[in-house]
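Novice: next one to model:
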Amino acid sequence: MKKYFLPFVFLLPLLAQSQNVKGPYLGVTTQFQNTWIINDEQYDDVNYKHKFTTKWAPFGITAGYKFNENHNLQIELMRSKQGENFDLVDKDGNKTGEKEIDLVYWNIPLLFKYTTAGKLRFNFQVGPQLGILQKGTETNRLEKAGTYTRKGVEYTIPASRVGTHLLASTQESDRQKNAEVGEFNKYDAGILLGAGLEYDLTPHLFLTTNLRYSYNFVNIRKEEHLESSYDPDTYTLRQNMVVGLQVGLNFLFNTGDGRSSARHQ
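Specialist: Prediction:
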């Protein structure tokens, strides 16, 4: 039986618990993410195909407070590149062009975080998230004429409309040049879920690696109903969704009587 218990002996230093670990902490973080624009009409007649789109949230700041070993409250400020690329396809499934939605937000999640004990530990996070749009564009690049099914009837975009067309922009100058260029909603809101690992590098410095999922409930566009002569589809509600891998480094300012040297020996 000893051979079955031997691996657990080596895990004991990592799983050893300490008491009264608490205090504020600050950190920096980055996130590589798969980003989506979810259309509420995507199960009806649609003339696009989702393309696997990756973006980067290059920099974020984390501030939190550990009430004890397990319970934390955390707020973040993260610059997040979002949006999605699509292939436009006609009624026969042939590619006729591309759509690109490019968005950059300042995301501010407020999270309750539960962590297990030990030098190496698991965490779970949940909370609301506010997004403030910094800049954004929606562009269609039509490569050839096409006939589509739109709202149950055939709709043709002729060869005279082939080219690159800006459909929405956060730049007022773009909207002044072309009355057909729409606006984006400045604010977004949703929920964020996360789970991952934390590891103590020192009694005060710890590394985090988390898998995160966020789904927002606000329409990305300001207009309620969208219909354009340069787009084969109409839209009522489109929302942001993100799945990301986050890595962070945090400094705990006050450990009280907590992180005993026994945990780090």
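
Novice: how many other residues sit next to residue 166?
Specialist: For residue 166, the count of nearby residues is 18 (other C-beta atoms under 10 Å). In this view, the C-beta of every residue, glycine as well, is placed from N, C-alpha and C.

Novice: relative to the whole chain's centre, how far out is the helix or strand harbouring it?
Specialist: Under the criterion of DSSP states H and E, residue 166 resides in strand 163-169. Mean-position distance between strand 163-169 and its chain equals 24 Å (C-alpha atoms, centre = their mean, to the nearest Å).

Novice: so what does it touch, helix or strand wise?
Specialist: Counting contacts by 3 or more C-beta pairs under 8 Å, 6 or more residues apart in numbering; DSSP states H and E, strand 163-169 is packed against strand 120-142.

Novice: any idea which helix or strand comes after the strand it packs on?
Specialist: Per DSSP H and E, strand 120-142 leads on to strand 146-150 as the next helix or strand towards the C-terminus.

Novice: quick one: contacts of that next one?
Specialist: Residues from elsewhere that reach strand 146-150, judged by C-beta atoms under 8 Å, 6 or more residues apart in numbering: 45, 47, 88, 90-91, 94, 96-97, 154-157, 232-234.

Novice: report the two of those residues separated the most.
Specialist: Maximum pairwise distance in those, criterion C-beta to C-beta, is 20.5 Å, between 94 and 234.

Novice: more crowded one of the two?
Specialist: residue 234 (16 against 12).

Novice: show me the contacts for the more buried one.
Specialist: Per C-beta under 8 Å, 6+ apart, neighbours of residue 234: 41, 150-151, 225-227.

Novice: and for residue 86?
Specialist: Contacts for residue 86 (C-beta under 8 Å, 6+ apart) come out as 48-51, 98-101.

Novice: just the buried ones from these?
Specialist: Using 16 or more other C-beta atoms under 10 Å as the burial test, the contacts of residue 86 include 48, 98-101 as buried.

Novice: pick out the lowest-pLDDT one from those residues.
Specialist: Lowest pLDDT of the buried ones among the contacts of residue 86: residue 48, 94.

Novice: so that residue sits right up against residue 93, yeah?
Specialist: No: between residue 48 and residue 93 there is no contact under C-beta atoms under 8 Å: 11.4 Å.

Novice: from the chain's centroid, how far away is stretch 206-225?
Specialist: Distance, centroid of stretch 206-225 to centroid of chain: 5 Å (C-alpha atoms, centre = their mean).

Novice: for it, list the C-alpha coordinates in PDB.
Specialist: The C-alpha trace of stretch 206-225 is given here as PDB (Å, rounded to 0.1, in the frame of the first residue of the first chain):
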ATOM      1  CA  PHE A 206       1.500  34.700  -6.700                       C
ATOM      2  CA  LEU A 207       0.900  33.600 -10.300                       C
ATOM      3  CA  THR A 208      -2.600  33.000 -11.800                       C
ATOM      4  CA  THR A 209      -3.700  31.100 -14.900                       C
ATOM      5  CA  ASN A 210      -7.400  31.100 -15.700                       C
ATOM      6  CA  LEU A 211      -9.900  29.900 -18.300                       C
ATOM      7  CA  ARG A 212     -12.500  32.600 -18.700                       C
ATOM      8  CA  TYR A 213     -15.900  33.000 -20.400                       C
ATOM      9  CA  SER A 214     -17.900  36.200 -20.800                       C
ATOM     10  CA  TYR A 215     -21.300  36.800 -22.400                       C
ATOM     11  CA  ASN A 216     -22.700  40.300 -22.800                       C
ATOM     12  CA  PHE A 217     -26.400  41.200 -23.200                       C
ATOM     13  CA  VAL A 218     -26.200  44.600 -24.900                       C
ATOM     14  CA  ASN A 219     -26.500  45.100 -28.700                       C
ATOM     15  CA  ILE A 220     -23.200  46.100 -30.200                       C
ATOM     16  CA  ARG A 221     -24.900  48.500 -32.500                       C
ATOM     17  CA  LYS A 222     -26.800  51.600 -31.400                       C
ATOM     18  CA  GLU A 223     -29.600  51.100 -34.000                       C
ATOM     19  CA  GLU A 224     -32.400  48.700 -33.100                       C
ATOM     20  CA  HIS A 225     -32.900  47.300 -36.600                       C
END
